[in-house]
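Engineer: 3D model of this:
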Amino acid sequence: MDNHTWEILSLYTVPTKDGLANVVKKINWRFQITEDKYYGDVYGHTELPEVTSDSFVAYDDLSEEKIISWVKEHGDNDAILAEATAKLEKNKNPSIVEKNPPWTYPITTDGTEEYMVVVDNSPNDLQKIYGPLRWNSVKINEGLKLRGFSDLSVPDTMIAFRKGLIPSDEPLVLKDNVKIYKVQEQAQPTFDELTQVREDLTYDTSSGICVGTYNIVNKSLDEVKASVKVRAKEERIGLSFQTHTMSLNGTDYKVNIEEQSNIVTNNRANVMSDSDTINWKLEDSWIVATKADLMAINNFVMAKRQEIFDGEHTRSQEIDACTTADQLKTIYNSITVL
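Structural biologist: Numbers count the residues shown, from 1 in each chain. Below you'll find the model as predicted:
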């Protein structure tokens with residue numbers, strides 16, 4: 001089996017010479033000889049002689065085989081093979097070998113845990129300095145410096161891993177009560193966003209690790225009422241943009257009360273005589289409207305608007321009368337926002 005390989009790395013060309021384009025002048029190459037898992041390789045370059053129009057090969061027509069043949073033709077093949085063979089033998093019989101130490105270091109993390117730098121006055125009196133974050137010596141040291149602890153640092157990440165300095169069940173003490181704890185955060189609990197609020201994490205170090213817990217706190221009754229009233233307002237606004245059915249001259253029409261401004265219809269009607277007619281469009285229908293028709297549309301819009309406002313007003317009174325969060329939740333769930 002042939003264990004000699006050539007690899008062409010790059011070509012140096014002269015853009016134009018004697019009417020010829022992209023004339024190859026130098027070839028960078030790699031030669032390798034292999035035996036089992038060992039190898040010896042040589043990097044070099046070959047200068048080519050002046051080319052003639054008879055021997056010239058267009059750049060786009062060149063092949064790997066052609067370039068390698070030029071390297072062999074114009075290079076010292078015996079010297080290249082000898083150098084590669086010598087390197088192969090050296091790799092097979094090295095004078096010095098790197099080996100791992102005959103002991104192992106404890107692994108205290110799988111790389112996914114997070115840590116926090118704190119001033120630990122007591123298990124329930126913590127001043128967070130930096131974190132939580134995955135162990136990264138550079139970031140931890142930058143965080144310490146930015147927060148006024150430039151005299152403190154942690155060792156390089158790999159050294160910390162090897163020497164078991166990554167906090168596990170006990171903190172890494174940097175100085176007095178400045179410590180780095182492994183963080184264990186509680187999964188974010190579900191809660192009722194209408195009646196409750198989730199406060200920021202609080203931490204406790206009494207177990208040797210920094211345990212973060214979320215506290216769920218009930219909102220005051222007034223806070224819940226305010227939220228339900230916002231919902232009632234959204235319902236009223238939604239209804240204002242909906243179409244409603246109006247009977248006009250014995251025919252039912254769809255009317256958008258936001259589009260059919262009572263100010264516009266009233267003003268237009270006021271400049272018409274009883275016998276005048278105009279083209280007027282409702283939601284999806286054109287009509288020939290009289291002054292009486294516009295006044296009827298105006299009255300319908302005013303009445304529907306008032307009905308919607310009265311509905312929100314009734315909601316507001318019901319909300320104010322509530323004495324428990326459950327009563328407010330019932331009203332909230334009955335509101336439909338369109």
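
Engineer: residue with max distance from the center of the chain?
Structural biologist: residue 275 (66.5 Å; CA atoms, centre = their mean).

Engineer: for it, grab phi and psi.
Structural biologist: phi -90, psi -10 (degrees, to the nearest 10).

Engineer: the one 5 residues further on now?
Structural biologist: Backbone torsions of residue 280, given as degrees, to the nearest 10, read phi -140, psi 140.

Engineer: that one and residue 18, how far apart?
Structural biologist: 88 Å (CB to CB, to the nearest Å). In short, each C-beta sits where N, CA and C put it, glycine included.

Engineer: out of the two, which sits in the busier spot?
Structural biologist: The residue with more neighbours, out of residue 280 and residue 18, is residue 280; 17 against 11, by other CB atoms under 10 Å.

Engineer: the closest residue to that one other than its chain neighbours: neighbouring residues, count only.
Structural biologist: Leaving aside its sequence neighbours, residue 280 sits nearest to residue 289 (CB to CB, 6 or more residues apart in numbering; 4.0 Å). Neighbouring residues of residue 289 were enumerated by other CB under 10 Å; the total is 24.

Engineer: can you pull the contacts of the most centrally placed residue in the chain?
Structural biologist: Centroid check for the chain by CA atoms, centre = their mean gives residue 133 as the closest residue, at 16.9 Å. Applying CB atoms under 8 Å, 6 or more residues apart in numbering, one finds that residue 133 lies in contact with 114-116, 139-140.

Engineer: local confidence estimate at it?
Structural biologist: The confidence metric pLDDT takes the value 86 at residue 133.

Engineer: assign a three-state SS to it, would you?
Structural biologist: strand (DSSP: H, G, I helix; E, B strand; the rest coil).

Engineer: ok so, going back, the nearest residue to the residue farthest from the centre of the chain once chain neighbours are set aside and residue 264: what is the separation?
Structural biologist: With CB to CB, 6+ apart as the criterion, residue 275 has its nearest non-adjacent residue at 8.0 Å, and that residue is residue 290. Distance, residue 290 to residue 264, by CB to CB: 16 Å.

Engineer: how about residue 136?
Structural biologist: Distance from residue 136 to residue 264, by CB to CB: 65 Å.

Engineer: cool, and residue 92?
Structural biologist: Taken as CB to CB, the span from residue 92 to residue 264 is 97 Å.

Engineer: now swap in residue 235 and tell me
Structural biologist: 25 Å.

Engineer: those two: which has the busier surroundings?
Structural biologist: residue 235 (19 against 14).

Engineer: now do the more buried one, the pLDDT please.
Structural biologist: Reported pLDDT for residue 235: 93.

Engineer: got the phi and psi for it?
Structural biologist: phi -60, psi -40.

Engineer: now for it: which residues touch it?
Structural biologist: So residue 235 contacts 311-312, 315, 335-338 (CB under 8 Å, 6+ apart).

Engineer: now tell me which helix or strand of the protein has the poorest mean pLDDT.
Structural biologist: helix 157-162 (a mean of 70; mean pLDDT, DSSP states H and E).

Engineer: after that helix comes which helix or strand?
Structural biologist: strand 172-175 (DSSP states H and E).

Engineer: now the element after that next one, going C-ward?
Structural biologist: That would be, after strand 172-175 and using DSSP H and E, strand 178-185.

Engineer: okay, now the unreliable bits of the stretch 51-200 of the chain?
Structural biologist: 104-111, 123-125, 158, 161-164 (pLDDT under 70).

Engineer: residues touching stretch 21-36, excluding its own?
Structural biologist: So stretch 21-36 is in contact with 3-17, 39-48, 51, 56, 58-59, 62, 67-68, 70-71, 80-81, 84-85, 88, 92, going by CB under 8 Å, 6+ apart.

Engineer: of those residues, buried ones?
Structural biologist: Neighbour counting over the contacts of stretch 21-36 (16 or more other CB atoms under 10 Å) leaves 6, 11, 39-42, 44, 46, 48, 51, 56, 67-68, 70-71, 80, 84, 88 as the buried ones.

Engineer: nothing else from me, thank you.
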